[in-house]
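Chemist: quick one, what's the 3D model for this:
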Amino acid sequence: MPDVCILYARRDARRQAKTLAELVSRNWSVWWDGKLDAGDYRREIHRQISLAGCVVPIWSALAEFSDVLHDELSLAEKLGTPILPLRIQEVAAPLGFGNRQTTDAIGWTGEDASADALEHVDRISRILEARKTGVVRKTDLMLGNGLRLPSLFFSVSSYETRLSPGSAVDALNLFEAQTVLLSAYDFDPARTPPRGLLPAVKEMRSRGATVLLDSGNYEKARLSDRKWTLKKYHEALARVPHDAAFCFDEVNPPANPRMAIADLLKGIERDRRNTKQPIIPVVHLPRDRTGNYKTETAAAFMKEVARETRPPLLAIPERELGPGILERATAMRKIRETLNGLYFYQPVHILGTGNPVSIALLAAAGADTFDGLEWCRYVADGETKTLHHFQHYEFFRWQDAIALSAVTRKAAVDPEARYSARAVFHNLEFYTRWMEGLRLALQDGKQLVEFMTELLPKKTMTLARQALPGVL
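Modeler: Purely as a prediction, here's the structure:
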C-alpha cells in the first residue's frame with residue numbers, strides 16, 4: 001500500500017515526477033507509473049489511488065486538459081483521499097480542481113531538489129502523519145441507500161428457521177426492515193423457490209432496503225448438498241436483486257497465508273465478473289493440528305485483503321474468532337487496531353452473529369455489521385435483552401403493547417395473526433430498537449459502559465474490561 005501516489009502527464013512532467021518520488025521515498029512509500037510500461041495500467045493506477053494515503057498530481061501544460069488525469073483525480077476525491085497538487089508551469093488546474101491548495105514550483109525541471117519541491121515534501125509528510133493517527137470509526141456505511149453503523153442484517157434461510165424464505169421476506173417487507181441478508185441457495189430454480197419471492201425482493205429494494213446476497217455455502221454445508229455449485233451462485237447473482245454479495249468462499253483455505261490470500265483475491269475477481277454490485281470478501285482462517293482456528297493470523301490476513309480490494313465490507317465468521325465470546329471480542333479488537341493502520345476506515349462484517357450480547361461486545365471491539373437468524377429462531381425479552389425458546393413468546397407478548405412499530409402492535413392483538421408472525425414481529429421490534437440504543441451508546445464511553453453493565457450478566461463487567469482494555 002503506497003503512502004503517496006504521484007499523478008502526472010508523462011510527456012512534460014516525467015523527470016519531475018521521478019525526482020519527487022525519490023525525495024518522498026526517503027520517508028514514505030511511493031507509487032508512480034515510471035516502471036509501468038505494459039498491462040492494464042489504467043486499472044493498476046486506480047488500484048493504487050484507492051490505497052494511497054494521499055495523491056500528488058503535478059500540474060503541467062499537458063495535465064491541464066488531460067481526461068485521464070481528471071478521471072484519476074475524481075476517483076481520489078470520491079474516496080476522500082487528500083489531493084496535494086504541485087504546479088511546475090504557469091497553468092490552471094484541471095477543471096473542478098482549481099480550489100486545491102497548491103505548492104508552486106514554477107520552472108522546476110526535476111534535475112535537483114529545489115526549495116519548492118522540498119517544501120512540498122514537508123507538506124506531504126504533515127498530511128500523512130495526521131492521517132496515520134486520524135483513522136476514525138465510521139458512523140455510516142455507503143452501501144445501498146446508506147446505513148447507520150453498527151447494523152444488523154436480518155438473515156433469511158431455508159435451513160432451521162421458523163419461517164420459509166418466502167414468509168420471511170414477506171414479514172420483513174411488512175415490517176419495512178431496512179437491512180436484509182438473503183441466501184442465493186434459496187433462489188435455485190431446481191429447488192422451486194416460492195413464486196412471489198423475487199417480486200418481494202424487488203419490492204424490498206424499491207422501498208430502500210439494503211439487501212446482501214450470501215453465497216449459499218452455509219446451506220450447502222449444513223444440508224450436505226453437493227448440487228449447489230459456483231455456477232448456480234453466479235446464476236443467482238444475475239437473477240436476484242442485491243446491493244452487495246459475499247464471495248463464493250473457500251471454507252478450508254491453504255495454510256500458507258500468501259496462497260490463501262491469492263486464492264481469495266482470485267475468487268473475488270471471478271465473482272465480480274458476474275455482478276455489477278460490490279463483492280464482499282469472506283475471510284476463512286486455517287486450522288491447527290487440533291482443529292482450532294488460527295485466530296492469531298486473522299488481523300494481518302484481513303489487513304492484506306483490505307489493502308488489495310478495499311471492499312465496502314470485509315467479512316469473517318464469528319466462530320473463527322475464537323471458542324468463547326470474550327476471546328472473540330479480543331480477536332476483533334486486534335483486527336480493528338490492525339485495520340486502523342490503513343489510510344481508510346475498513347468496515348468489518350461478522351457472519352452468523354445475532355445474539356445481543358455478542359453483537360454488543362463485538363461492536364465495542366470494532367465490528368460494524370452483523371447478520372443472524374436469531375430473529376426467526378428464538379424470541380427476545382426486551383427487558384433482559386436475552387433470547388428464549390420460540391414457544392415462550394407468550395411470556396413477552398405484553399411488551400408489544402408499547403412497540404414503536406404499528407405492525408408489531410397490531411399483530412400482538414390480531415386474532416387472525418399466526419403465532420409465528422406475532423413472535424417474529426416482536427423480535428423485529430426488539431432488534432430495531434435495541435440496535436438504535438447500541439449506536440447511541442457507542443458514541444460515548446460512559447454511555448457504553450452503562451449500556452454494557454445493564455446488558456451483561458451480573459459480575460461479568462470485569463471480564464469484559466479485561467477483554468477490551470481501554471474500551472470499557
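Chemist: how many residues are close by Glu304?
Modeler: Using other Cβ atoms under 10 Å, Glu304 has 19 other residues around it. Placement of C-beta: from N, CA and C, glycine included.
Chemist: what does Val211 give?
Modeler: 24.
Chemist: and the contacts of the helix or strand harbouring it?
Modeler: Element membership for Val211 (DSSP states H and E) is strand 210-214. Surrounding strand 210-214, the residues in contact under the criterion Cβ atoms under 8 Å, 6 or more residues apart in numbering are 143-145, 147, 153, 155, 178-185, 201, 204-205, 236-237, 240-246, 280, 371.
Chemist: do stretch 185-200 as well
Modeler: Judged by Cβ under 8 Å, 6+ apart, the contacts made with stretch 185-200 from elsewhere in the structure are 156-158, 164-166, 169-170, 173, 214, 216, 218-220, 225, 227-228, 232, 236, 239-241.
Chemist: now with 6 Å, please.
Modeler: Residues outside stretch 185-200 that contact it (Cβ atoms under 6 Å, 6 or more residues apart in numbering): Ser158, Pro165, Gly166, Val169, Asn173, Gly216, Glu219, Trp228, Lys232, Ala236, Val240.
Chemist: after the strand holding Val211 comes which helix or strand?
Modeler: Tracing the chain C-terminally past strand 210-214 and defining elements by DSSP H and E, one meets helix 217-223 next.
Chemist: quick check: Glu318 touching His349?
Modeler: No - applying Cβ atoms under 6 Å, one finds Glu318 not in contact with His349, separated by 10.3 Å.
Chemist: these two - which one has more neighbours?
Modeler: Between Glu318 and His349, His349 has the larger neighbour count (other Cβ under 10 Å), namely 28 against 23.
Chemist: packing partners for the helix or strand where the more buried one lies?
Modeler: For His349, the host element (DSSP H and E) is strand 348-351. Here strand 348-351 is seen to pack against strand 314-317 when contacts are counted using 3 or more Cβ pairs under 6 Å, 6 or more residues apart in numbering; DSSP states H and E.
Chemist: and the strand it packs on, how far out from the chain's middle?
Modeler: Centre-to-centre, strand 314-317 and its host chain are 9 Å apart (Cα atoms, centre = their mean, to the nearest Å).
Chemist: likewise for stretch 107-122?
Modeler: The chain centroid and the centroid of stretch 107-122 are separated by 40 Å, computed with Cα atoms, centre = their mean.
Chemist: so for that stretch, what gets flagged as buried?
Modeler: Along stretch 107-122, the positions that meet the burial threshold by neighbour count (16 or more other Cβ atoms under 10 Å) are Trp108, Gly110, Ser114, Asp116, Ala117, His120, Val121.
Chemist: what is the nearest of those residues to Val413?
Modeler: Lowest distance from Val413 to those (Cβ to Cβ) belongs to His120, with 69.5 Å.
Chemist: would you list every one of the strands in the stretch 251-400 of the chain?
Modeler: 279-280, 314-317, 348-351, 369-372, 378-381, 386-389 (DSSP state E, counting those that start in this stretch).
Chemist: list of residues touching the first one?
Modeler: So that's strand 279-280. The set of residues that contact strand 279-280 without belonging to it, under Cβ under 6 Å, 6+ apart, is Ala244, Ala245, Phe246, Cys247, Ile268, Asp271, Arg272, Pro311, Leu313, Ala315.
Chemist: one more: stretch 86-106?
Modeler: Counting contacts by Cβ under 6 Å, 6+ apart, the residues touching stretch 86-106 from outside are 16, 58-61, 64, 70, 73, 83, 85, 108, 114, 116-117, 120.
Chemist: from the residues you listed, which ones fall inside helices?
Modeler: Secondary structure from DSSP state H places Gln16, His70, Leu73, Asp116, Ala117, His120 of those in helices.
Chemist: how many neighbours does Val4 have?
Modeler: Burial measure for Val4: 26 neighbouring residues, criterion other Cβ under 10 Å.
Chemist: what's the distance between it and Arg310?
Modeler: Counting by Cβ to Cβ, to the nearest Å, the gap between Val4 and Arg310 amounts to 17 Å.
Chemist: same check on Ile124?
Modeler: In this structure, Ile124 lies at 21 Å from Arg310, with Cβ to Cβ as the measure.
Chemist: pLDDT below threshold where in the stretch 201-350 of the chain?
Modeler: Counting by pLDDT under 70, the stretch 201-350 of the chain shows no low-confidence range.
Chemist: helices of that one, start to end?
Modeler: The residue ranges that make up the helices of the stretch 201-350 of the chain, judged by DSSP state H, counting those that start in this stretch, are 217-223, 230-239, 257-272, 298-309, 325-339.
Chemist: save the ones you listed as TSV, and put in distance to Phe451 too.
Modeler: TSV is the format used below for these (distance: least, Cβ to Cβ, whole Å):
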stretch	distance to Phe451
helix 217-223	30
helix 230-239	38
helix 257-272	35
helix 298-309	26
helix 325-339	15
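Chemist: closest to Val251 out of those?
Modeler: Go through the helices of the stretch 201-350 of the chain one by one with Cβ to Cβ and the one that ends up closest to Val251 is helix 217-223, at 6.9 Å.
Chemist: output that closest one as CSV, nothing but the C-alphas.
Modeler: Written as CSV, here are the backbone C-alpha positions of helix 217-223 (Å, rounded to 0.1, in the frame of the first residue of the first chain):
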residue,chain,number,x,y,z
ASN,A,217,-22.5,-22.2,1.1
TYR,A,218,-24.0,-22.1,4.6
GLU,A,219,-27.0,-24.1,3.5
LYS,A,220,-24.8,-26.3,1.2
ALA,A,221,-22.6,-27.3,4.2
ARG,A,222,-25.5,-27.8,6.6
LEU,A,223,-27.5,-29.9,4.2
